[in-house]
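Engineer: Below: sequence and its predicted model.
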Amino acid sequence: MAGHEIPEPADRKQVADPYSDPLTVEETRHSCDPAFRHGVVVGFDGSMSSERALAYAIGMASRSGSGLIIVHVANRLPTTVWAGCEPPVFVDVPDHRTEVLGLELACAEYLSEVPWVLVERGGDICHELEEVGREYSADAIVVGSTHGIVGRIFGSVAGRLARRAKRPVIVIP
């Protein structure tokens, strides 16, 4: 009809042009604030280990004049924990901890030294930290070390991340 336009849906996914450069399509998919480009990514869950990693990352970002990308990865548990079924299927567990952490961080005076953003993700911690690092072209990823039996049995996040990451990983004891 003349004079009528049908608006594009807000949730429409971008379709790649087969003749375009795939990198430009990928770059437009993840629009990140330029203030945090080449920043420092830090994994944070509120534990003492992650608080030490955060303190180190704040100093690192402040010295380099870059932003701080604080990443909280929500829990995912295998359904075998509840159902006793065979193939491990992962279920997202509602995690309101990110909201609580965000409020605590917003009130923290020690974060006034650097620009920072809190990013919530769900899934494998190592994969998500590396993915956020890639999206923001981070200079480094800072994580705390794992102390305890769980880290010894399943492998620590820091160890797995250091083996697979494509950017420097700094592990804070």
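Structural biologist: Alright, I've got the coordinates. Numbering: from 1, shown residues only.

Engineer: so L118 bridges to which residues?
Structural biologist: I70 (DSSP bridges).

Engineer: can you check V142 too?
Structural biologist: With DSSP bridges as the rule, V142 is bridged to V42, I170.

Engineer: how about the strands in the protein?
Structural biologist: 40-43, 68-74, 76-78, 90-92, 116-122, 140-144, 169-172 (DSSP state E).

Engineer: which of these sits most buried?
Structural biologist: strand 40-43 (a mean of 28; mean count of other Cβ atoms under 10 Å). All C-beta spots, glycine's among them, are computed from the backbone N, C-alpha and C.

Engineer: what packs against that one?
Structural biologist: Where contact means 3 or more Cβ pairs under 8 Å, 6 or more residues apart in numbering; DSSP states H and E, strand 40-43 is packed against helix 48-64, strand 68-74, helix 125-135, strand 140-144.

Engineer: Deepest in the core, which of those is it.
Structural biologist: Highest mean neighbour count among the helices and strands packed on strand 40-43 (mean count of other Cβ under 10 Å): strand 140-144, a mean of 26.

Engineer: Mind checking the pLDDT average for it?
Structural biologist: Mean pLDDT, strand 140-144: 94.

Engineer: right, so of the helices and strands packed on strand 40-43, which gets closest to F36?
Structural biologist: strand 68-74 (5.6 Å; Cβ to Cβ).

Engineer: Who are the packing partners of that closest one?
Structural biologist: Short answer (3+ Cβ pairs under 8 Å, 6+ apart): strand 68-74 packs on strand 40-43, helix 48-64, helix 97-107, strand 116-122, helix 125-135.

Engineer: Serialize the ones you listed to JSON lines and add fields for mean pLDDT.
Structural biologist: Putting the helices and strands packed on strand 68-74 into JSON lines (pLDDT from 0 to 100) gives the following:
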{"stretch": "strand 40-43", "mean pLDDT": "95"}
{"stretch": "helix 48-64", "mean pLDDT": "93"}
{"stretch": "helix 97-107", "mean pLDDT": "80"}
{"stretch": "strand 116-122", "mean pLDDT": "89"}
{"stretch": "helix 125-135", "mean pLDDT": "92"}
